[in-house]
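# Let me see the structure of the following:
(one chain, ligands or ions: 1)
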Amino acid sequence: MKILVKKLTKRQKIKGIVVALSVLLVAVASVSVFFGIKYSVARKQLSQAVNELSELQSSMNVQLSEEASRYNEISENRDFESAAYEAEIENKSKEYQSKVDELNKKINDLNKQLSQKKEQAASSGQTVSSGGQTVYLTFDDGPSAVTVDILNVLDKYSVKATFFVTSGKYNSVMKEIVNRGHSIGLHCYNHSYSAIYKSDEAYFADLQKISDLVLSQTGKESKLIRFPGGSSNTVSKKYSNGIMSRITKSVTEKGYVYFDWNCQTGDAEGITDINKLVKNGTTYPKSAKNIVILMHDTKSATVKALPQIIEFYQKKGMKFAALTVSTAPVHHKVGN
Ligand SMILES: [Zn+2]
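Here you go, the predicted structure:
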């Protein structure tokens with residue numbers, strides 16, 4: 001608006017000058033005509049002055065019309081640009097506001113989901129812990145007649161576990177293990193140290209057989225391994241010197257992940273006292289991020305000890321999980 005006033009004032013000034021010049025021109029012309037006859041010299045001078053004034057007038061007229069058209073042009077463009085600019089600003093601010101609203105809605109939804117998950121976890125006895133220790137219950141040598149009992153205990157506590165299987169009478173239970181959301185891993189097809197640790201080739205032939213069996217029973221290919229006796233076993237030395245050093249490397253190269261353990265109930269060593277199994281199963285490495293507990297789903301004593309072991313860790317707020325290929329593995333020191 002200020003620009004407009006300034007422009008108009010300037011325009012009016014120019015117009016004023018032109019009017020003044022026109023008046024002067026008429027006056028001079030009249031004087032020239034009046035004295036023209038008597039004073040020929042003065043007439044020449046006056047004639048020159050009239051010409052000059054006339055030129056000045058037309059030059060001022062040209063300037064005025066140029067100035068006027070330029071002003072019109074500028075003010076038209078300015079109005080147009082400023083209106084377009086204002087509309088653009090308004091659109092942008094609306095757009096940003098709707099984005100902010102959308103994000104706030106998302107944050108609210110996520111907060112709702114988070115509190116629902118926390119409630120669900122609390123009611124199922126599981127705790128959503130961040131950065132705490134995770135407990136991995138692992139069962140070797142099954143499936144057996146007690147595997148379904150183990151699965152029922154796990155379901156009761158909403159806990160997921162891992163079963164490193166071998167071939168036997170209860171192969172069909174492998175499907176049940178997977179259906180109930182647990183991980184299935186490869187232990188061995190033939191649980192005979194002398195057979196599987198005879199040579200690297202013998203080990204891998206056995207691994208392929210159990211892998212094929214798991215695939216045929218469950219429709220899933222497993223890349224999780226537990227070596228019979230663990231990677232630290234020395235019994236294999238009797239059959240093939242250095243075999244564990246070699247096959248622990250080559251299974252990894254073939255895309256498998258092997259898991260040992262850092263806690264065990266001792267159920268495979270003839271312990272049947274429930275309290276003793278619970279005590280062993282709850283004696284865990286305090287500094288380890290992942291607690292991998294070795295048990296066997298071939299022992300009825302394990303079925304009885306399992307609830308107390310689970311309750312112990314749940315009371316501590318620790319979460320349970322099934323092993324996956326992404327789980328940071330617990331490895332023993334290879335002894336052969
Ligand atoms: Zn075993």
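
# Poorly predicted segments of the stretch 101-250 of the chain, please.
Within the stretch 101-250 of the chain, the stretches with pLDDT under 70 are 107, 114-115, 117-131.

# Quick check: residues of it near the ion?
Contact residues, the stretch 101-250 of the chain versus the ion (Cβ under 5 Å from the ion): Asp140, Asp141, Pro228. For glycine as for every other residue, the C-beta is placed from the backbone atoms N, C-alpha and C.

# Now go through those residues and say which are in strands.
Asp140 (DSSP state E).

# From the residues of the stretch 101-250 of the chain next to the ion, list just the buried residues.
By neighbour count, with 16 or more other Cβ atoms under 10 Å, those hold Asp140, Asp141, Pro228 as buried.

# Tell me the spacing between the first one and Gly255.
The reference is to Asp140. As for Asp140, its distance to Gly255 is 22 Å (criterion: Cβ to Cβ, to the nearest Å).

# got the phi/psi numbers for the most centrally placed residue in the chain?
Nearest to the geometric centre of the chain sits Leu110, at 14.3 Å (Cα atoms, centre = their mean). Leu110 has phi and psi values of phi -60, psi -40 when expressed as degrees, to the nearest 10.

# how close does it sit to Tyr96?
When distance is defined by Cβ to Cβ, Leu110 is 21 Å away from Tyr96.

# Give me the nearest residue to Gln133, chain neighbours excluded.
Met318 (5.3 Å; Cβ to Cβ, 6 or more residues apart in numbering).

# What pLDDT is listed against Met60?
We have a pLDDT of 72 for Met60.

# Okay, and it sits in which element?
helix 40-123 (DSSP states H and E).

# what about the residue nearest to Gln133, how many residues close to it?
Neighbour count for Met318, taken as other Cβ atoms under 10 Å: 17.

# Next: Lys304.
What Lys304 shows, counting by other Cβ under 10 Å, is a neighbour count of 15.

# Count the neighbours of the closest residue in space to it that isn't next to it in sequence for me.
Counting by Cβ to Cβ, 6+ apart, Lys304 lies nearest to Ile274, which is 5.1 Å off, once chain neighbours are set aside. Ile274: 17 surrounding residues under other Cβ under 10 Å.

# list the contacts for the residue nearest to the centre of the chain?
Neighbour list for Leu110: empty [criterion: Cβ atoms under 8 Å, 6 or more residues apart in numbering].

# Please apply the same query to Phe164.
By Cβ under 8 Å, 6+ apart, the neighbours of Phe164 are Thr138, Phe139, Asp140, Asp141, Gly185, Leu186, His187, Leu224, Ile225, Arg226.

# Next: Ala305.
Thr265, Asp267, Ile274, Leu277, Val278, Gly281 are the contacts of Ala305 under Cβ under 8 Å, 6+ apart.

# quick one on the thing from earlier: among the buried ones among the residues of the stretch 101-250 of the chain next to the ion, pick out the one closest to His332, please.
Pro228 (13.1 Å; Cβ to Cβ).

# Quick check: the gap between the residue nearest to Lys304 and the ion.
Per Cβ to the ion, to the nearest Å, Ile274 is found 22 Å from the ion.

# got the contact list for that residue?
Ile274 makes contacts with Ala301, Lys304, Ala305, Gln308, as judged by Cβ under 8 Å, 6+ apart.
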